[in-house]
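**Student:** fold the following, please.
(chains A and B)
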Protein chains: 2
Amino acid sequence: MTDSPVRPEPVGPVHDYERPDGQQLVDALVWLLDLETIERDIYRGVSPKESLQRVFGGQVAGQALIAAGRTVDPERKVHSLHSYFIRPGDPAVPIVYTVDRVRDGGSFSTRRVVAVQHGAAIFSLSASFQLPQEGIDHQSPMPEAPDPEQLPTALSWLKAHGIMLPKFQLEWPFDLRWVDPPSQLADAFDGPSEEPHRTWMRAAGVLPDDRLLHACALTYASDLLLLDSVLLKHRLSFRQEGLRLASLDHAVWFHRPFRADEWLLYAQESPSASGGRGLAMGRIFTRDGRHVATVMQEGMIRLPSA
Amino acid sequence: MTDSPVRPEPVGPVHDYERPDGQQLVDALVWLLDLETIERDIYRGVSPKESLQRVFGGQVAGQALIAAGRTVDPERKVHSLHSYFIRPGDPAVPIVYTVDRVRDGGSFSTRRVVAVQHGAAIFSLSASFQLPQEGIDHQSPMPEAPDPEQLPTALSWLKAHGIMLPKFQLEWPFDLRWVDPPSQLADAFDGPSEEPHRTWMRAAGVLPDDRLLHACALTYASDLLLLDSVLLKHRLSFRQEGLRLASLDHAVWFHRPFRADEWLLYAQESPSASGGRGLAMGRIFTRDGRHVATVMQEGMIRLPSA
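**Tutor:** Numbering: from 1, shown residues only, chains lettered A, B, ... in the order given. Sure thing, here's the model as predicted:
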């Protein structure tokens, strides 16, 4: 966690900036996730040059999960991760990821990863991997939603409302289609917001056939929008002057195989907010209704008056 | 996590064993949570002598949270924890808890605790503490439930159904009142089970006025019943011959102050099960409807045929 916002801050808001080709953005994400090996269990990753005052939390989580996965038998698939954001990341210098091989059991492997910059931990993640098995099966029903093709892109929606975007968001490697208005447009609609808040998302280009990479891409994407569900309960926009927002933790349970470059419905709700913090829960479904992941995140939320 | 069950296993089932006085059981819990200080940031705890083949996971989680809290300014209150069960605990030897003071920031403190036995980590926990603050406020509605005084004790219900209990469960330091039948009685009722599954619980005696201790007691109690919600989806009982059940992880978010020795409603559901694992989510409410905690746990669930 951090005492300062780790949410995207614009280098300067831009409006008519041309969004690069989607496949280029996805290739850049794959490159970000392709960590350099420094030594056994020590990896190094970089951040995009131009984007943020602080490193995007989803990037660090995705890179840390790649580092963990590199030390695990590829037959074992990640089924959960738990992480804390400890300090803001500095985009100007690389991030070093050190993996502790906590345990390799008969069917499960546990790993812990610490991300370090300037001699201090900025992020820690624990993850568990499992040999595929069979067992009982049930899942949450998928909320109904119109097809993503029937919905405007998030970008066109924001532009239509005259909302300036940071370059970071324009170069976001995912296509987003909001079913329900996001907090950025909270002042543009009336009435209580629907729950769960629904968003279609998919990588803006093709990702390689590597299940770990798809899990990391989903982890990356799952961090962007989640605290919106907390703000929406109060018709707050994260564009509000003086609002300070920071991800404190992030947990993902991967239930079933999926591709992050096919449409996924992200259904979000907020079970509670109090004491300057808000908890968000997301469920992620494939287009054909399979529940593929559950996400939990608590955020620090400080209002201008507080 | 473990590859073997960490759920209570009887030393031998008992039926008519007299349950000790509730306050005695709670005093024993307080004693378990009163760790011995070995060195700065190193603590040692023991397990009850007689109870289990393996240490109860909730006990390790509660002890680890006490260890973390001992190193934090008492003005800072725990608001979340994330943990993994790594190896089965051995009740015959003490557990050593080593705390890493990850960060003390302006308003948040982060700690990591590793629990070790026989030279190997059996459990790891990260927790975050915060100076009390104000902010936006909302919460889940509490499910309706009859008053706990109108309900039979869990013990009388089990005895009425002729179910033999391990001594561990008889000496459980919490009073439980099931609103909905538990998985142990899954074969004793028809029809689909209600969701969420509701249980009233409170410590069986008075706990000292120490907010951290109440958080640890709730963490202890929150681990006992949670995977029931996964089993109930399939009308499975955890008494079923050959069923192997193990907690893999455990996360708690503490939203609002509470006392663990006053009635709390534990409402549980299971968002998903697949691949030999099941995810459970619990929400905990005070009697007057305040949402005080959210709990997530994934469990390994192996059926006899698998």
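
**Student:** list the contacts of stretch A:38-48.
**Tutor:** Where contact means Cβ atoms under 8 Å, 6 or more residues apart in numbering or on different chains, the residues beyond stretch A:38-48 that reach it are A:28, A:32-33, A:35-37, A:55-56, A:59, A:63, A:66-67, A:70-71, A:89, A:91, A:94-101, A:168, A:171. The C-beta positions use only the backbone N, C-alpha and C, and glycine is treated the same way.

**Student:** and residue A:240, how many residues sit next to it?
**Tutor:** Under the neighbour criterion other Cβ atoms under 10 Å in any protein chain shown, residue A:240 is assigned a count of 15.

**Student:** wait, residue A:134
**Tutor:** Neighbour number of residue A:134 under other Cβ under 10 Å is 12.

**Student:** hang on, the earlier thing: inside strands: which ones of the contacts of stretch A:38-48?
**Tutor:** The members of the contacts of stretch A:38-48 that map onto strands under DSSP state E are A:36-37, A:95-101.

**Student:** residues in the stretch 1-150 of chain A within reach of chain B, list them.
**Tutor:** Contact residues, the stretch 1-150 of chain A versus chain B (Cβ under 8 Å from any Cβ of the partner chain): A:1-3, A:79-80, A:82-84, A:86-87, A:102-103, A:105-108, A:110, A:112, A:120-121, A:124, A:126, A:128, A:130, A:132-140.

**Student:** no no, the stretch 151-300 of chain A
**Tutor:** So the stretch 151-300 of chain A meets chain B at A:230, A:233-234, A:236, A:248-249, A:251, A:253, A:255-256, A:270-279, A:281, A:283, A:291, A:294, A:296, A:298, A:300 (Cβ under 8 Å from any Cβ).

**Student:** kindly export stretch A:161-178 (C-alpha atoms) in PDB.
**Tutor:** Taking C-alpha atoms only, stretch A:161-178 is exported to PDB below (Å, rounded to 0.1, in the frame of the first residue of the first chain):
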ATOM      1  CA  HIS A 161     -18.500  13.600 -23.000                       C
ATOM      2  CA  GLY A 162     -15.500  15.900 -23.600                       C
ATOM      3  CA  ILE A 163     -13.300  14.100 -21.000                       C
ATOM      4  CA  MET A 164      -9.600  14.600 -21.400                       C
ATOM      5  CA  LEU A 165      -7.600  11.500 -21.100                       C
ATOM      6  CA  PRO A 166      -4.100  10.900 -19.900                       C
ATOM      7  CA  LYS A 167      -1.800   9.300 -22.500                       C
ATOM      8  CA  PHE A 168      -1.600   6.300 -20.300                       C
ATOM      9  CA  GLN A 169      -5.300   5.600 -20.700                       C
ATOM     10  CA  LEU A 170      -5.200   6.100 -24.400                       C
ATOM     11  CA  GLU A 171      -2.400   3.600 -24.700                       C
ATOM     12  CA  TRP A 172      -4.200   1.100 -22.500                       C
ATOM     13  CA  PRO A 173      -3.600  -2.400 -24.100                       C
ATOM     14  CA  PHE A 174      -7.200  -3.400 -23.500                       C
ATOM     15  CA  ASP A 175     -10.400  -2.600 -25.300                       C
ATOM     16  CA  LEU A 176     -13.100  -1.600 -22.800                       C
ATOM     17  CA  ARG A 177     -16.800  -1.400 -23.400                       C
ATOM     18  CA  TRP A 178     -18.800  -0.100 -20.500                       C
END
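
**Student:** just the buried subset of the contacts of stretch A:38-48, written out for ChimeraX, thanks.
**Tutor:** Under the burial definition 16 or more other Cβ atoms under 10 Å in any protein chain shown, those of the contacts of stretch A:38-48 that qualify are selected in ChimeraX by:
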select /A:32,33,35,55,56,59,63,66,67,70,71,89,91,94,95,96,97,98,99,100,168,171
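
**Student:** before we move on, back to that, among the residues of the stretch 151-300 of chain A next to chain B, name the buried ones.
**Tutor:** A:230, A:233-234, A:236, A:248-249, A:251, A:253, A:255, A:270-279, A:281, A:283, A:291, A:294, A:296, A:298, A:300.

**Student:** return the subset of those residues lying in helices.
**Tutor:** Using DSSP state H to define helices, the subset of these located there is residue A:230.

**Student:** which ones among the buried ones among the residues of the stretch 151-300 of chain A next to chain B map onto strands?
**Tutor:** Filtering these for strands - DSSP E - leaves A:249, A:251, A:253, A:270-274, A:277-279, A:281, A:283, A:291, A:294, A:296, A:298, A:300.

**Student:** and the residue of the stretch 201-306 of chain A at minimum distance from chain B, what does it touch?
**Tutor:** When scored by Cβ to the nearest Cβ, the stretch 201-306 of chain A has residue A:276 as its residue closest to chain B, at 3.5 Å. Residue A:276 makes contact with A:300-302, A:306, B:130, B:133-135 under the criterion Cβ under 8 Å, 6+ apart.

**Student:** let me know the pLDDT of it.
**Tutor:** At residue A:276, the pLDDT value in this model is 97.

**Student:** swap in residue A:4?
**Tutor:** For residue A:4, the predicted pLDDT is 38.

**Student:** looking at chain A, which helix is longest?
**Tutor:** helix A:57-70.

**Student:** list the contacts of that one.
**Tutor:** A:6, A:32-35, A:37, A:43, A:45, A:47, A:78, A:81, A:83, A:85, A:89, A:95, A:97, A:99, A:111-113, A:115, A:122-123, A:125, A:127, A:129, A:212-213, A:215-217, A:219-224, A:247, A:250.

**Student:** mind listing the strands the very next helix or strand once past that helix pairs with, and their directions?
**Tutor:** Following helix A:57-70 in sequence order, the next helix or strand is strand A:77-85 (DSSP states H and E). The pairing partners recorded for strand A:77-85 under DSSP bridges are strand A:120-130 (antiparallel), strand A:249-254 (antiparallel).

**Student:** what are the buried residues along the first one?
**Tutor:** Residues of strand A:120-130 classed as buried under the neighbour-count rule (16+ other Cβ under 10 Å) are A:121-130.

**Student:** follow-up on the earlier one: closest one to residue B:164 out of the contacts of residue A:276, please.
**Tutor:** Residue B:164 lies nearest to residue B:130 out of those, by Cβ to Cβ, at 44.5 Å.
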